[in-house]
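In: here's my sequence, what's the structure:
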Amino acid sequence: MPELLFQVVPVLFLLILGYTVGSLAERRHLKRLAVRERALEHIFVSDVRSLPSGCALQPCGLVDGEVVVASDYFKTFAANLKKMIGGELRTYDTLLQRARREALVRVKEAAHRMGANQVVNIRFATSNIGASGRRQMAAMVEMYAYGTAVYVPDAPTS
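Out: Numbers count the residues shown, from 1 in each chain. Now for the predicted structure:
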């Protein structure tokens, strides 16, 4: 019985530590992200390939943003349990949302540095990295966003 206790206690400790530290880090990142998003809300982003004909614009160039976000140990453990029975892995929803929002903010920051007020033809690409092997500690997702930064002189400001 004591041997089992020595095996269970470290796992429980890691789960509690992962949940606590992971939740704090996630909340802190989401707060910083919200501040950065508000500061850049004047930059319009669209997935259209080009602006309507006759629209005066000055192309600024390609902008991109890339981020890799890792899940905490608790979310990875919970997701592995959920995989046994199937269904949606809600524990990874915030992981993907954070990655997408962070990549988009980085695109807007790059456009702002170029003097652009819009990003057109925005695209997102994602990949799951670090998920191979039996002893995976945490899932990680890479989110890559890119588009064309333009300056439209007569663009409405929000």
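In: mind listing the residues bridging to residue 61?
Out: Beta-bridge partners for residue 61, by DSSP bridges, are residue 149.
In: OK, contacts around it?
Out: Applying Cβ atoms under 8 Å, 6 or more residues apart in numbering, we find residue 61 in contact with 114, 148-149. All C-beta atoms are positioned from the backbone trio N, CA, C, and that covers glycine.
In: need the residues you listed in TSV (columns: pLDDT).
Out: Formatted as TSV, the contacts of residue 61 follow (pLDDT from 0 to 100):
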residue	pLDDT
114	94
148	93
149	94
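In: quick check, nearest of those residues to residue 23?
Out: residue 149 (35.2 Å; Cβ to Cβ).
In: got the contact list for that closest one?
Out: Counted by Cβ under 8 Å, 6+ apart, residue 149 has contacts 59-63, 110-111, 114, 116, 118-119.
In: which among these count as buried?
Out: Buried positions within the contacts of residue 149, assessed by neighbour count (16 or more other Cβ atoms under 10 Å), are 60, 63, 110-111, 114, 116, 118-119.
In: what's the closest of the residues you listed to residue 22?
Out: Distance to residue 22 across those (Cβ to Cβ) is lowest for residue 110, with 28.7 Å.
In: isn't there a helix covering that closest one?
Out: Yes - per DSSP: H, G, I helix; E, B strand; the rest coil, residue 110 lies within a helix segment.
In: neighbouring contacts of the helix or strand of the chain with the lowest mean pLDDT?
Out: Ranking every helix and strand in the chain by mean pLDDT, DSSP states H and E puts helix 73-85 at the bottom, with a mean of 79. Defining contact as Cβ under 8 Å, 6+ apart, one finds that helix 73-85 is touched by 14-19, 22, 71, 89, 91-92, 95, 136-139.
In: hmm, try it at 7 Å
Out: 14-15, 18-19, 22, 89, 91-92, 137-139 (Cβ atoms under 7 Å, 6 or more residues apart in numbering).
In: which parts of it are buried?
Out: For helix 73-85, burial by neighbour count (16+ other Cβ under 10 Å) applies to 73-79.
In: nearest residue to the residue nearest to the spatial centre of the chain other than its sequence neighbours?
Out: The C-alpha lying nearest the average C-alpha coordinate of the chain belongs to residue 99 (Cα atoms, centre = their mean; 0.6 Å). Closest residue to residue 99 apart from its sequence neighbours, by Cβ to Cβ, 6 or more residues apart in numbering: residue 143 at 3.8 Å.
In: fine by me, thanks again.
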